[in-house]
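Novice: give me a 3D structure for the following:
(chains A and B)
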Number of protein chains: 2
Amino acid sequence: MKKVGVAILGMGVVGGGTYRILTENKEFFARTQDVEITVVSVLETNAERAKAAGVPEEAIASNIAEIVGNPDVNIVVECIGGTGAAKDFVLVSLQAGKHVVTSNKELYSKYSYELERAAKRQHVGLYFEASCVGGVPVIRTLLDGLQANRISSLMGIINGTTNYILTKMTEEGASYEEALKDAKRLGYAEADPSADVEGFDAAYKLSILSSLAFHTKVPFSKVVREGITNVSVEDVSDGKALGYVLKLLAIGKQSDEGIEVRVHPAFVRKGHPLASVSDGFNAVFVTGDAVGDVMLYGRGAGALPTGSAIVSDVIYAATHVDHKYSTFKNTENADKNVAFIEDYKSAYYLRISVDDESGTLAKITSVLGKNHVSIVEMIQRAKGEGKAEIVLITHETHEFAVRNAVAKINALGVAEIKSVLRVAS
Amino acid sequence: MKKVGVAILGMGVVGGGTYRILTENKEFFARTQDVEITVVSVLETNAERAKAAGVPEEAIASNIAEIVGNPDVNIVVECIGGTGAAKDFVLVSLQAGKHVVTSNKELYSKYSYELERAAKRQHVGLYFEASCVGGVPVIRTLLDGLQANRISSLMGIINGTTNYILTKMTEEGASYEEALKDAKRLGYAEADPSADVEGFDAAYKLSILSSLAFHTKVPFSKVVREGITNVSVEDVSDGKALGYVLKLLAIGKQSDEGIEVRVHPAFVRKGHPLASVSDGFNAVFVTGDAVGDVMLYGRGAGALPTGSAIVSDVIYAATHVDHKYSTFKNTENADKNVAFIEDYKSAYYLRISVDDESGTLAKITSVLGKNHVSIVEMIQRAKGEGKAEIVLITHETHEFAVRNAVAKINALGVAEIKSVLRVAS
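Specialist: Take a look at the predicted model:
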C-alpha cells in the first residue's frame, strides 16, 4: 500500500478538524482509498494548542524548515490563514516539491498565480477545495464535473456568518446588531466581523469560483462588493411581505459583453432553491449551457466540514499521479481582452420616505420613467406626521440608471431614498 | 495540443446530445481544457438518424469492429442502453484498449465487475457519471469530493419520470393515470413506463451510488423496490394536509448493523431540501461524518444534461493520465461479511377505512401498540354509509412490525388498511 506523509501548518479550528479526521479515519482511508496517510508533522507556535488537539510532542515542528526538509512529508496542509507566513510557507513547501492543500481563500484569491507557478515548476499539486464553501465540493465539480459546459451564471450564498445573521433577521425580526451579537456568541462571527459582514470573504471566494467557471482570471479587485452592515430589519420584513428573502449573494455572470462579479445583499424570490438555504448553510447555483441549473448545498464552514474538503484534497493528491493547473493565463491581473461590466442589469427594491401630499408619487414615477426604471409592484403606507413610505420592486434595469434615478429623487426635495437593494433574477 | 478521438455508439436522444456538445464546443474545449477532441466515428444502425444529427456519412461506422480497430479512436461513448449489444460493445472496446464512457445504469449496475476487470487489464478508464442523476456530478463528488467521509446515508430523488408524475399529482390533484398520460405526451415517460414507474431505473442507480458511498458492492438484487403505480391521489393530498410531499425516494443507509437500500414512495416533510425538488429535477442528499449534510440538485435526464455528464467524463478521460478503479471487491455479489437489512426502521403513513362505530379506533390503536407502533398524529373523518377514514403518521418503528400490525388490523373485520407509505426521516 502506498504510504503518504502529511504536515499540517496551524492547529486552529480547521487545522484541528483536519488532524482529527486524518488520525481517526486512518484505517478507513487505508481500506477505502488504498493509501496509508500519516500526519508526520505539525507546525503550531502555540504548542499547548497542538498537544490539546492530541498531537504527540515529537510531531510538533519548531519551524517550517523542519517540515520542508523532512523527506517523509509529501503533502503540506496550510491552515494558518492570511497572506503573511501562510504565503511564505506554502511557497517554500511547493519549492521543496511537496503537494500543498490550502483552505486559505484570501491567499489563493490574491496569489494563485505565484503559487501555481511554483507548483508547476516542481510538478506538484496545489489543491484549494476548502477555500470555498466549506465541505461542499464545488471546486472539484467545476474542474472535473461540469467541464462540458459554458457556464453563464454562478450565484451563491457562500458566507455562513452573514447567512446566519440574515436568517435571524428574517425569521425572528432581529435587528442587524442583535443578530450579529448572537452570531458572535455562537462562534459564527469573529470579534472583528468585518471580513464577513463587509463581504470580503465572499468576494475572495467569488473571484476563485468565477475564474474556474469562466476560464479566465477574475481578480479579487474586480469584484463589486457591498456588505450587510446597512441592512435594516424594515427592508428584510418589507421584502418578506412581497415574497422575497434577503441573502448576501455572490453573483458571477459571463456573456458576450463581458464578465460581472458582485457581492451584495439581494432579494431572492421564495421558491427559488437558494431562498431556503438558511443559517450556516451555503449553496452555489450554477447555470451551464448543457446541464442547465445545478445547485450544490451544504455547510460552508466549521472544523469538520472544512476538514472534509481538506482531507478529500489530501486523498486526491495522494492517489492521483497527475496534477492539473489552470488552463487560462493565471496572472496577477485580468486578461486585457476581458471586459468587466460595472453597469450590470438587475431588478431593484427601493424604500422611499416621502412627504404625504398629492403629486409626490407622480414626481417620483416620472423620474423613474425618464431613467427607464419601470415598476413591477409597489406598496405605499402612511407613516404619520405628514410622511409616507413607498416600497417598490422594479423590472430589470441598469445599475447606473437606478443610481441616477436615486440621486434625482433625493434632489426633488419631497422624497428620501432610504434603501436600494438588488433583486436576483 | 493533445488530440483525442471519440466514437459514439448509438445516436438516440443521449447520443445525439453528446454529439452536439462535442462538435459545437470543440474550440471551447481546446481553449479551456487544452485538448482537441474529435468525434471520429459513430455507430448507429439507423443511418438516417445519424445523418439527421449532423454526422457526416464517412464517419458512420457499419459495425463495432470498425471502431475498436480504429487507432484514431481513444474513447468509446456507449449510448445504446440495455445489456445486450451495449455490453458486448463496451467489453470489446475495453479489450481493445479504449477508454469507455457510458450512461447505461442497467449495464453498470449489473455488470460493473466484468467491465471493470476488462478496464483494469488494459489500464484504461471506465467512466459512468451519466448513469446516475443526469448532469449532476454526483459520482465525481462521491469519488473525488467526499472521500474524507464515512457516509451514513444517501437519500435521493433520482428518477425524473416519477418525480414529474408525483409533482403533477401533488400540485394539480391529478390522478396517477392522468399524470402518467401527461408525462408520456411530454416525452417524460416512455410508451412502456415500467422501468421508471416500477422503480427499476432508480434501483439501478441506487445500487451504483450506494456501492460508491459505502465502499462495498451493493448489488441491484439487494435493493428493496416498490414503484408508484399504487399511489392514490387521496394519499398525496392527505399527506399534503399533514405537511408532507410524496416523492419516489431512493434511500441507502449504512450503520454498524449493515446496509439498507430501498426505492419506494415516501413522504418528505415540507421544508426539507428534497421536498422542493419538483418536476424533472433530481437531487441527492448525502450525510457524511465530517461534512454533515450535502445536497446536489439538477436535471436528472434529457439530451443535454446527460450529454453534459458524458462529455465531462470524456474530457476527464482525455486529460487525466490515471484511472481509478473500485477499491472494494467489485464482484457480482455482495461481500459475504456485509449484512443487508430488510427489517429497516422508518416512520409510516397509514390510511385506514373503518366501520364508523364506537370501539373501532380502540381496537386499531391496541393492535398498533402491541406491535410497538406509536402514533405521532392522526386525522379521522366520516365518509358516510357507516364508514370513516383514519389517516395517521407513526413514530419511527420497524418495517416488519408495521407489516404485522397491518395484517392484524385487516383481520379485525372492522377496518381495512388502504395505504401504507413510508415517511422519510
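
Novice: next, count neighbours for A:D256.
Specialist: Neighbours of A:D256 under the rule other C-beta atoms under 10 Å in any protein chain shown: 5. For every residue, glycine as well, the C-beta is placed using N, CA and C.

Novice: and it, how far from B:I80?
Specialist: 38 Å (C-beta to C-beta, to the nearest Å).

Novice: likewise A:I158?
Specialist: A:I158 is 41 Å from B:I80, by C-beta to C-beta.

Novice: when those two are compared, which one has more neighbours?
Specialist: When A:I158 and B:I80 are compared for neighbours, A:I158 comes out ahead with 30 against 26, by other C-beta under 10 Å.

Novice: contacting residues for that one?
Specialist: Going by C-beta atoms under 8 Å, 6 or more residues apart in numbering or on different chains, A:I158 touches A:C132, A:V133, A:A202, A:K205, A:L206, A:L209, A:A250, A:N282, A:V284, A:G300.

Novice: in those, which has the lowest confidence score?
Specialist: In terms of pLDDT, the lowest of the contacts of A:I158 is A:G300, showing 91.

Novice: looking at the contacts of A:I158, which are in strands?
Specialist: A:A250, A:N282, A:V284 (DSSP state E).

Novice: how many neighbouring residues does the nearest residue to A:H123 once chain neighbours are set aside have?
Specialist: With C-beta to C-beta, 6 or more residues apart in numbering or on different chains as the criterion, A:H123 has its nearest non-adjacent residue at 7.2 Å, and that residue is A:H323. Applying other C-beta under 10 Å, we find 15 residues neighbouring A:H323.

Novice: what do you get for A:A191?
Specialist: So A:A191, with other C-beta under 10 Å, has 5 neighbours.

Novice: quick one, what contacts it?
Specialist: A:A191 is in contact with A:K184, counting by C-beta under 8 Å, 6+ apart.

Novice: list the contacts for A:I64?
Specialist: For A:I64, the contact set (C-beta under 8 Å, 6+ apart) comprises A:L9, A:L43, A:D88, A:F89, A:V92, A:S93.

Novice: go again with 6 Å.
Specialist: Shown in contact with A:I64 (C-beta atoms under 6 Å, 6 or more residues apart in numbering or on different chains): A:F89.

Novice: per-residue confidence for it?
Specialist: The model reports A:I64 with a pLDDT of 98.

Novice: ok, now A:G271?
Specialist: pLDDT recorded at A:G271 is 86.

Novice: need the nearest residue in space to it, chain neighbours excluded.
Specialist: Nearest non-adjacent residue to A:G271, counting by C-beta to C-beta, 6+ apart: B:S276, 7.5 Å away.

Novice: tell me the confidence at that neighbour?
Specialist: We note a pLDDT of 91 for B:S276 in this prediction.

Novice: returning to what we had before: out of the contacts of A:I158, which comes closest to B:G359?
Specialist: A:N282 (54.4 Å; C-beta to C-beta).

Novice: and the gap between that closest one and B:N159?
Specialist: Going from A:N282 to B:N159 by C-beta to C-beta gives 28 Å.

Novice: go on, A:V420?
Specialist: 44 Å.

Novice: quick one, which of the two is more surrounded?
Specialist: B:N159 (33 against 17).

Novice: which of the ones in strands among the contacts of A:I158 has the most neighbours?
Specialist: When neighbours are counted by other C-beta under 10 Å, A:A250 leads the ones in strands among the contacts of A:I158 with 32 neighbours.

Novice: report the beta-bridge partners for that one.
Specialist: A:G156, A:V263 (DSSP bridges).

Novice: show me what contacts it?
Specialist: A:A250 neighbours (C-beta under 6 Å, 6+ apart): A:G156, A:I158, A:A202, A:L206, A:V263.

Novice: and which of these is nearest to B:N410?
Specialist: Using C-beta to C-beta, the contacts of A:A250 come closest to B:N410 at A:G156, 51.7 Å.

Novice: burial measure for the closest one, as a count.
Specialist: 30.

Novice: what of A:E396?
Specialist: Residues lying near A:E396 (other C-beta under 10 Å) number 13.

Novice: state the pLDDT value of it.
Specialist: Per-residue confidence for A:E396 comes out at a pLDDT of 97.

Novice: then A:S93?
Specialist: pLDDT, read off for A:S93, is 98.

Novice: return the residues in contact with it.
Specialist: By C-beta under 6 Å, 6+ apart, the contact set of A:S93 is A:V68, A:V76, A:V100.

Novice: can you give me the neighbour number for the residue lying closest to A:M11 once chain neighbours are set aside?
Specialist: Nearest non-adjacent residue to A:M11, counting by C-beta to C-beta, 6+ apart: A:E44, 4.1 Å away. As a burial measure, A:E44 scores 23 neighbours (other C-beta under 10 Å).

Novice: now the one 5 residues further on
Specialist: A:R49 has 17 neighbours, counted by other C-beta under 10 Å.

Novice: likewise for A:V133?
Specialist: 31.

Novice: if I look at it, how far off is B:T38?
Specialist: Between A:V133 and B:T38 the computed distance is 35 Å (C-beta to C-beta).

Novice: and what of A:V277?
Specialist: Distance, A:V277 to B:T38, using C-beta to C-beta: 41 Å.

Novice: show me which of these two is the more surrounded one.
Specialist: Remark: of A:V277 and B:T38, A:V277 carries more neighbours, 26 against 16, as counted by other C-beta under 10 Å.

Novice: next, the contact list for that one, please.
Specialist: Contacts of A:V277 (C-beta under 6 Å, 6+ apart): A:I157, A:A283.

Novice: please apply the same query to A:L274.
Specialist: A:V268, A:A283, A:F285.

Novice: can we see that at 10 Å?
Specialist: A:155-157, A:245, A:247, A:249, A:266, A:268, A:283-285, A:295, A:297, A:424 (C-beta atoms under 10 Å, 6 or more residues apart in numbering or on different chains).

Novice: and those, which two are furthest apart?
Specialist: A:A266 and A:Y297 (18.0 Å).

Novice: helix/strand/coil for A:A195?
Specialist: Counting by DSSP: H, G, I helix; E, B strand; the rest coil, the backbone at A:A195 sits in helix.

Novice: that one: how many residues sit nearby?
Specialist: The local packing of A:A195 (other C-beta under 10 Å) involves 19 other residues.

Novice: ok, the residue nearest to it when sequence neighbours are not counted to A:L107 distance?
Specialist: Excluding the flanking residues, the one nearest A:A195 by C-beta to C-beta, 6+ apart is A:D201, at 5.1 Å. Counting by C-beta to C-beta, the gap from A:D201 to A:L107 is 13 Å.

Novice: who in the stretch 151-300 of chain A is up against chain B?
Specialist: A:214-216, A:271-273, A:275-278, A:280-281, A:283, A:285-286, A:288-299 (C-beta under 10 Å from any C-beta of the partner chain).

Novice: what do you get if the cut-off is 6 Å, keeping everything else the same?
Specialist: A:H215, A:A290, A:V291, A:G292, A:V294, A:M295, A:L296, A:Y297, A:G298, A:R299 (C-beta under 6 Å from any C-beta of the partner chain).

Novice: thought the first one was touching A:F328?
Specialist: Yes - the pair A:H215 and A:F328 qualifies as a contact (C-beta atoms under 6 Å) at a distance of 5.1 Å.
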